[in-house]
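Undergrad: Have a look; sequence and predicted model below, questions after that.
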Amino acid sequence: MATYQITDNGSSVTIDCDGQSNTYEKKGFRFFDEALRLSIYTPQGITNINTTNIFPFSTNIFIIDLSVDNVVGSSAITGAELRNELAPIFFTDCNSGGGGQVNSQGFIDYNNTEPAINLVADAWTIIPNNGAGAFTNKTYAPLGVTELMDAATGAIDPTQLTKGDALFIRNDYTINPNTNNALLEFRYGLGGGGNEYTLRTTKGRLDNGSGIDYRYSLTTDYIYMGDDNTKDNPITLQVKLSTNGTLSNAGSVIQVVKRKV
């Protein structure tokens, strides 16, 4: 459990992380500006639902447990958001095992076990992904992110990201058309509340024959969180085939690139 003790020395601040201590001059550090939205000058005014998360000792010393969510201060801020703001400042990180590295970036790989689905000619169909496969990998998730997909729908879930973050997505699915020379198209459905939009591409003709598998597994797509409409709504994966056929989905790996690291 990562616990930071922050001491205000006047012209500098000392940050102790489980025995690793560093002192930083205040000048130029974002820690004291509005980006953090939490001031060390008024720790007695900081409250928390679980009082074990923040311990006020005086007007200038308190401990923040960044592994626990629901931290609140002058304005609401989650533990994940707080850790994201602190990470660029600290040269030590309790969870890194040394070296001063912070796992701000990362990926989650969602392996699907649902059976093949039928594709109706010229109809857009959402690709399912239950994330229940043995090869699902959440070990290297980025800082502050626990999920990047809704397993109930297979839609990418960007709601734990912030504006300015970006996604690189590598999908792995197989199409089996009933007719030779079928045209395959792919798109992402984004946004919501009447502001839906799509990002669309043509995969090409499946002209090696009918009744055989065509696998798509190496193309990487890029989506950035440029506004709340994109960030706050699910992103569906959809295909359209010009003939009837089937789709088998192996899964998707989603890499997060944080704007602030």
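TA: Cool, the structure landed.
Undergrad: Tally up the residues packed near the closest residue to Ser217 other than its chain neighbours, please.
TA: Excluding its sequence neighbours, the residue lying closest to Ser217 (CB to CB, 6 or more residues apart in numbering) is Asp172, at 4.1 Å. All C-beta atoms are positioned from the backbone trio N, CA, C, and that covers glycine. By other CB atoms under 10 Å, 18 other residues sit near Asp172.
Undergrad: what helix or strand does Asp172 sit in?
TA: Using DSSP states H and E, Asp172 sits in strand 166-177.
Undergrad: Within its sheet, name the partner strands of that strand and how each one runs.
TA: strand 214-216 (antiparallel), strand 220-224 (antiparallel), strand 245-257 (antiparallel) (DSSP bridges).
Undergrad: just the helices in the stretch 101-250 of the chain please.
TA: Using DSSP state H, counting those that start in this stretch, the helices found in the stretch 101-250 of the chain span residues 228-231.
Undergrad: Buried residues, stretch 145-155. List them.
TA: Neighbour-count burial for stretch 145-155 flags 145, 148-151, 154-155 (criterion: 16 or more other CB atoms under 10 Å).
Undergrad: Pick the one among these closest to Arg215.
TA: Distance to Arg215 across the buried residues of stretch 145-155 (CB to CB) is lowest for Gly154, with 18.2 Å.
Undergrad: Give me the nearest residue to the closest one, chain neighbours excluded.
TA: According to CB to CB, 6+ apart, the nearest residue to Gly154 is Asn129 (3.8 Å).
Undergrad: what's the answer for Ile254, then?
TA: In this structure, Ile254 finds its nearest non-sequential neighbour in Leu148, 4.6 Å apart by CB to CB, 6+ apart.
Undergrad: how about the one you found, what does it touch?
TA: Applying CB atoms under 8 Å, 6 or more residues apart in numbering to Leu148 gives the contacts 108, 110, 141, 156-158, 160, 167, 254, 256.
Undergrad: try 7 Å this time
TA: By CB atoms under 7 Å, 6 or more residues apart in numbering, the contact set of Leu148 is 108, 156-157, 254.
Undergrad: among these, who's most crowded?
TA: Neighbour max across these (other CB under 10 Å) = Ile254, 25 neighbours.
Undergrad: give me the beta-bridge partners of it?
TA: In this entry, Ile254 is beta-bridged to Ile108, Ile169, by DSSP bridges.
Undergrad: pLDDT of the strand holding Asp172, averaged?
TA: Averaged over strand 166-177, pLDDT sits at 98.
Undergrad: Same check on stretch 239-257?
TA: On average, stretch 239-257 scores 98.
Undergrad: Next, the residue nearest to Ile254: phi, psi?
TA: phi -130, psi 10 (degrees, to the nearest 10).
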